[in-house]
Structures are given as structure tokens and as C-alpha cells.
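> coords please:
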Amino acid sequence: YDYYQPEAYVPQTDTFIEKDSSINEEVERLRHSATNSLLTRRDVLVVASVSAIYGLGTPQEYVDR
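Numbers count the residues shown, from 1 in each chain. Coordinates of the predicted model:
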């Protein structure tokens with residue numbers, strides 16, 4: 001994401017803030033390229049934050065998509 005605002009509630013003003021996000025297409029492309037390399041090559045090392053790989057699922061689930 002370029003930007004992520006989680007949903008929130010402010011009780012003092014009884015305000016609900018909806019979740020909002022903006023995806024960086026270049027980062028998304030690189031994320032999928034790295035994931036594909038992990039699944040198809042044996043000489044790959046990826047250094048990433050947990051948020052970069054969160055939600056990918058199991059290797060089989062990723063391949064099936």
C-alpha cells in the first residue's frame with residue numbers, strides 16, 4: 001500500500017472513520033514477481049516485511065489463483 005487508514009471509531013464525537021487504502025501497482029508487481037520466483041526457483045532469498053507477504057496463503061493456494 002501507498003496509504004492505509006484502518007477503520008476507527010471516535011467515541012467523543014460519535015464518529016466512524018471508514019477503512020481506506022491506496023495500492024502501489026509497482027510494489028504489487030514486485031511482490032508477485034518475488035512470490036513467483038520463490039515458487040519456481042531454488043536460488044531465491046526475499047527480504048520483506050510481514051505486511052508485504054501477509055495474505056498470500058499457502059504456496060498451493062497462490063498457484064491455484
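> and stretch 18-35, what's its mean pLDDT?
Stretch 18-35 shows a mean pLDDT of 89.
> Would you mind pulling the contact partners of that stretch?
For stretch 18-35, contacts defined as Cβ atoms under 8 Å, 6 or more residues apart in numbering pick out 1-7, 44, 46, 48, 52-53, 56, 62. In short, each C-beta sits where N, CA and C put it, glycine included.
> Which parts of the protein are helices?
Taking DSSP state H as the test, the helices found in the chain are 25-40, 50-53, 59-64.
> Which residue lies nearest the spatial centre of this protein?
residue 52 (4.8 Å; Cα atoms, centre = their mean).
> So what's the residue count around the residue lying closest to that one once chain neighbours are set aside?
Excluding the flanking residues, the one nearest residue 52 by Cβ to Cβ, 6 or more residues apart in numbering is residue 31, at 6.1 Å. The number of residues packed near residue 31 is 16, by other Cβ atoms under 10 Å.
> And for residue 56?
14.
> Thought residue 62 was touching residue 56, still the case?
Yes - taking contacts as Cβ atoms under 8 Å, residue 56 lies within contact range of residue 62: 5.5 Å.
> Residue 27 and residue 51: what is the separation?
Note on residue 27: its distance to residue 51, by Cβ to Cβ, to the nearest Å, is 11 Å.
> before we move on, what about residue 62?
In this view, residue 62 and residue 51 are 17 Å apart by Cβ to Cβ.
> higher neighbour count, the two?
Between residue 62 and residue 51, counted using other Cβ under 10 Å, residue 62 has the larger neighbour count: 14 against 9.
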